[in-house]
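Novice: For reference, the sequence and a predicted model appear below.
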Amino acid sequence: MKHHRIVLAVALAAALSAVAVRTAAAQDAPARQRWSFAGPFGIYDQAQLQRGFKIYKEVCSNCHSLKLLAFRNLAEPGGPGFTEAQAAAIAATFQVTDGPNDQGEMFQRPGKLADSFPPPFPNDQAARAALGGKLPPDMSVLALARSYDWGFPWFIVDAFTMYQEDGPDYIHAILNGYTDPPAGFTLAPGTQYNKYFPGGGLGMPKPLSDGQVEYTDGTPTTVDQYGRDVAAFLMWAAEPTLDARKRLGFQVMIYLIVLTGLLYLTKKKVWHDVLDDPDLLQSRPPTEYPRS
Amino acid sequence: MSGYSTYQPQSPFMKWLERRLPIASLVYSSFVAYPTPRNLNYWWTFGGILTFMLGVQIVTGVVLAMHYTPHVDFAFNSVEGIMRDVNFGWLLRYVHANGASFFFVAVYVHMARGMYYGSYKEPREVLWILGVILFLLMVATGFMGYVLPWGQMSFWAATVITNLFSAIPGVGGSVVTWLWGGYAVGNPTLNRFYSLHYLLPFVIAGVVVLHIWALHMVGQNNPTGVEPKTEKDTVAFTPYATVKDAFFIGIFCLVFAWFIFYIPNYLGHSDNYIPANPGQTPTHIVPEWYYLPFYAILRGIPSKLLGVTALASSIVILAFLPWLDTSRVRSANYRPLYRQFLFIFFAAVIGLGYLGSQEPTGGYVIAARILTAYYFAFFLIILPLLGLFERTKPLPNSISEAVLRHGAPIGASAPPPSGAKV
């Protein structure tokens, strides 16, 4: 009886919380992709990161900066796996502003491993001026800064299934989301309709088309594949320590399971005598607590 | 923290020290010989877990502070620098950020346990009030910590929360300017939040000492709510409570590690990876999950002043709990009606939390108002009246007796004495 009422109470509260139906957003849910870096043992796919980097360099970097990433990161473990020489060669293809020199002037020089990726525009105002008033966001932590609210019950399920790839899923979806606007949709001037973008009108024109970036490893050159590769690259750019995190995580988990198991056995041993103390078997009938 | 000590120094040095600073006997009486009720369940391990989490937050926080730059132009990038370039910086930051959440998980369980078993009742009122003060300090510390990464949510949470003070009649505007150190949330705000975020944990640690001192004066409550009567009702803190706490801290850490290593950004908001931009308001400003029930109470009320008053009252009212609850029976195990109202209360708080995360429109606002009404009615109407009308179940004579009846609900197996109201 009493459990029945508790269940009823919880159900009532839950029903109250769900009185209003979730307001339908003008945004399609991104399709969840399979990522090599998902799950407890997931790590980045080096070849995919290299392809993604190629797309960034040839396409994205024309407008988007990547200020927090340094060229040296390209050769660090857990990344795209370039050798230090390759990373240095990549750095040298970029022109970096340095200075002031002994004459007190700023100057351009080829990039070095320690430099971070130079932005395509000297400042935000220059970017806006060149791109019709739109400021392309910096891509350094873009994959962590974009998400999709899957709502109940996904926000609970995802904690158990370790779903953390909403950022790359969203980026992949956006790159594949350019369609004709639905009937009656008025598009703001200077925007393109994208069914995955909140509100629908995205300032970025469709950046990728099939066959635009050349792959040398036989990977299909489709927008779908490009989207997946560049999203994986941006995930790595946003969290270059993901591989190390998951590797250490597994070790910590094993350690904690063993430690907790040993503590449980110790606890059982210590408490064993107390719980079976025969002295405690004499008891009196209960009395009511005195009432005020 | 004395009164139980049987500590006898053995070595000449300890004898010498004991006459000058009896720290060894203090530690011995407080953490070794201290008698704890033998029937404490695992809900009682959350006090130890909270102490552990405070330690984790202070240690990781002090190291993070060595690498963090409290300036509006550098804060965001310095946090990313910690993630990328500091050795194990990602681990420090993820432990600290998720640690705040798990600190609140533990404190909410600890508070719920106190409410279920009536741990706030005479003679534990001061102990409970110190707990409410600790919770308030945690709320303030957590909020200011969330501002430090200076992402979009940091900035706008700071703006929204500090603006609450503008509801104070007359001086509200001046108070907000004073809090900001300027005419908008800016560098002075970030600097003072950083300073206070570093200071408050040590204030918390100080109040924790008082909290434990008060606890050791009155002793722990237990699942029966019946005070220990003989030595057989208690066991020594060490090894019994120590090993039980340690085991459950291990369980807690397993869940904690799951979040740190596998879903470190699950509890955060993706907008906080966008650098703060005073010129662009996020579409949907939400606080961290642990403030959501209070946020729902605030937003449910149309008047700003009333909303802020309700928000503050919803926490302050906890301090009056020992006097609002008129029943003399502590444990909800023996209070069938209170138990049901309490579970509805817990469900209402969780419901408010969910509503706080949703956009405040239509049915959500109505639901939030209903749950807010229940929240306050629980304290102001239900609790005072229940103590007068509720028929409680018979209590066991002692803790030992209750322990030996384990299996059946405590007290339920024995026939009530003749004439007793059941």
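Specialist: In hand now; what should we look at? Quick caveat: nothing in here was measured; it's all calculated off a predicted structure. Numbers count the residues shown, from 1 in each chain, chains lettered A, B, ... in the order given.
Novice: quick one: the strands in the chain?
Specialist: Since you didn't name a chain, this refers to chain A. A:95-98, A:107-110, A:192-193, A:201-202 (DSSP state E).
Novice: that's the wrong chain, I meant chain B
Specialist: Using DSSP E, strands in chain B cover B:35-37, B:234-236.
Novice: And these, which one averages the lowest pLDDT?
Specialist: For the strands of chain B, mean pLDDT drops lowest on strand B:234-236, to a mean of 89.
Novice: can you list contacts of that one?
Specialist: A:Val274, B:Val32, B:Ala33, B:Tyr34, B:Pro35, B:Thr36, B:Pro37, B:Arg38, B:Pro228, B:Ala241, B:Ile399 (C-beta atoms under 8 Å, 6 or more residues apart in numbering or on different chains). C-beta here means a position set from N, CA and C on the backbone, and glycine is covered the same way.
Novice: quick revisit: most tightly surrounded among the strands of chain A?
Specialist: Here the criterion is mean neighbour count by mean count of other C-beta atoms under 10 Å in any protein chain shown, and of the strands of chain A the winner is strand A:201-202, at a mean of 19.
Novice: is any part of that strand close to chain B?
Specialist: No: Strand A:201-202 lies out of reach of chain B by C-beta under 8 Å from any C-beta of the partner chain, never closer than 14.1 Å.
Novice: average model confidence for that strand?
Specialist: 92.
Novice: Now find how far off-centre that strand is within its chain.
Specialist: How far strand A:201-202 lies from its chain's middle: 22 Å, per C-alpha atoms, centre = their mean, to the nearest Å.
Novice: by contact count, what packs against that strand?
Specialist: Judged by 3 or more C-beta pairs under 8 Å, 6 or more residues apart in numbering or on different chains; DSSP states H and E, strand A:201-202 is in contact with strand A:192-193.
Novice: lowest confidence element among the helices and strands of chain B?
Specialist: helix B:399-404 (a mean of 79; mean pLDDT, DSSP states H and E).
Novice: Who wins on neighbours among the contacts of strand B:234-236?
Specialist: B:Ile399 (26 neighbours; other C-beta atoms under 10 Å in any protein chain shown).
Novice: Do I have it right that that residue meets B:Gly225?
Specialist: No: look at B:Ile399 against B:Gly225 with C-beta atoms under 8 Å: they stay out of range, at 9.9 Å.
Novice: For the stretch 301-422 of chain B, which segments are assigned as helices?
Specialist: Remark: helices assigned in the stretch 301-422 of chain B by DSSP state H, counting those that start in this stretch are B:304-316, B:321-324, B:336-357, B:363-377, B:383-389, B:399-404.
Novice: got a pLDDT number for B:Phe74?
Specialist: 97.
Novice: sorry, that was for B:Gly411
Specialist: At B:Gly411, pLDDT is 42.
Novice: and B:Gly114, how far is that from A:Ala159?
Specialist: Separation of B:Gly114 from A:Ala159 (C-beta to C-beta, to the nearest Å): 27 Å.
Novice: Tell me which of those two has more neighbours.
Specialist: Between B:Gly114 and A:Ala159, B:Gly114 has the larger neighbour count (other C-beta under 10 Å), namely 22 against 16.
Novice: my guess is that one contacts B:Trp128, does it?
Specialist: Yes: assessed by C-beta under 8 Å, B:Gly114 is found in contact with B:Trp128 at 6.7 Å.
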